[in-house]
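Visitor: Generate coordinates for the sequence data below:
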Amino acid sequence: MQEQPDGLIAELQAKNPKAFERIYERYSESTFGIINSIIHDKHLAEEILQDVFIKIWNNAEKYNSSKGRFFTWILNIARNAAIDKTRSKAYKNKQKNLTTEYFVDIIEEKTSLSSKVDAIGIKKYINVLKPYCKKIINLLYFQGFTQAEASEELDMPLGTIKTRNRNCMNKLREILTS
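Guide: Coordinates of the predicted model:
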């Protein structure tokens with residue numbers, strides 16, 4: 001794991017374009033991986049990536065290191081932007097006209113987390129979690145499901161999904177910090 005680039009973040013917050021370039025170089029590949037794992041469309045994922053980095057530039061002063069790591073802040077922006085796009089009417093209409101090849105790719109990806117977790121480098125940590133944690137994390141964080149949608153998909157009460165998600169994330173946090 002890379003250490004927190006506090007000086008670089010301070011420069012970004014001071015609107016230094018060189019700092020922004022360095023942050024883009026450092027984080028764009030992983031950020032693209034998360035977006036693409038939700039969107040499944042390379043060109044659209046690239047557009048969203050641009051939007052994400054514009055948000056990072058415009059909202060850099062809102063980042064607070066006491067609330068979490070900078071990389072986590074970026075990934076949350078990316079994940080939310082990708083999920084927002086999947087919920088948009090234009091995206092939903094586009095999905096109605098997809099080829100069968102696209103659906104085969106989605107089915108293959110749903111059976112394995114490996115390509116997605118490798119995109120952000122946490123495969124070895126995810127693999128030690130219980131199977132239900134893998135399923136919940138896959139649905140909520142890599143496929144963009146809401147907790148209600150995950151509840152339906154896994155045929156579990158919403159409260160159970162929320163509790164297990166919290167427990168799984170706490171376990172993952174514990175693994176990452178040990």
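Visitor: From here on, just use CA atoms for contacts and neighbour counts.
Guide: Fine.
Visitor: for the helix or strand containing residue 161, packing partners?
Guide: In this structure, residue 161 sits in helix 158-177 according to DSSP states H and E. For helix 158-177, the packing partners by 3 or more CA pairs under 8 Å, 6 or more residues apart in numbering; DSSP states H and E come out as helix 123-126, helix 131-137, helix 147-154.
Visitor: distance of residue 85 from residue 144?
Guide: From residue 85 across to residue 144, the span is 10 Å (CA to CA, to the nearest Å).
Visitor: between those two, who's got more neighbours?
Guide: Counted by other CA atoms under 10 Å, residue 85 and residue 144 do not tie: residue 144 has more neighbours, with 23 against 18.
Visitor: ok, the more buried one touching residue 37?
Guide: No. Counting by CA atoms under 8 Å, residue 144 stays clear of residue 37, with 9.0 Å between them.
Visitor: that older thread, which one of the helices and strands packed on helix 158-177 is the most hemmed in?
Guide: helix 131-137 (a mean of 18; mean count of other CA atoms under 10 Å).
Visitor: What average pLDDT does that helix get?
Guide: Across helix 131-137, the average pLDDT comes to 87.
Visitor: Please enumerate residues in contact with the helix holding residue 161?
Guide: Contact with helix 158-177 is made by 125-126, 129, 133, 136-137, 147-148, 150-151, as judged by CA atoms under 8 Å, 6 or more residues apart in numbering.
Visitor: Mind doing that once more with 7 Å?
Guide: Contact with helix 158-177 is made by 125, 133, 136, 147-148, 151, as judged by CA atoms under 7 Å, 6 or more residues apart in numbering.
Visitor: Walk me through the domains of the chain.
Guide: 1-97, 99-178 (automatic domain parsing).
Visitor: Residue 83: what's it in contact with?
Guide: For residue 83, the contacting residues are residue 144, by CA under 7 Å, 6+ apart.
Visitor: how does it look with 8 Å?
Guide: 38-39, 144.
Visitor: hmm, back to that, now flag whichever of the contacts of helix 158-177 is closest to residue 178.
Guide: Closest approach between the contacts of helix 158-177 and residue 178, by CA to CA: residue 125, at 11.1 Å.
Visitor: isn't residue 39 right next to residue 80, touching?
Guide: No. Applying CA under 8 Å, one finds residue 39 not in contact with residue 80, separated by 11.5 Å.
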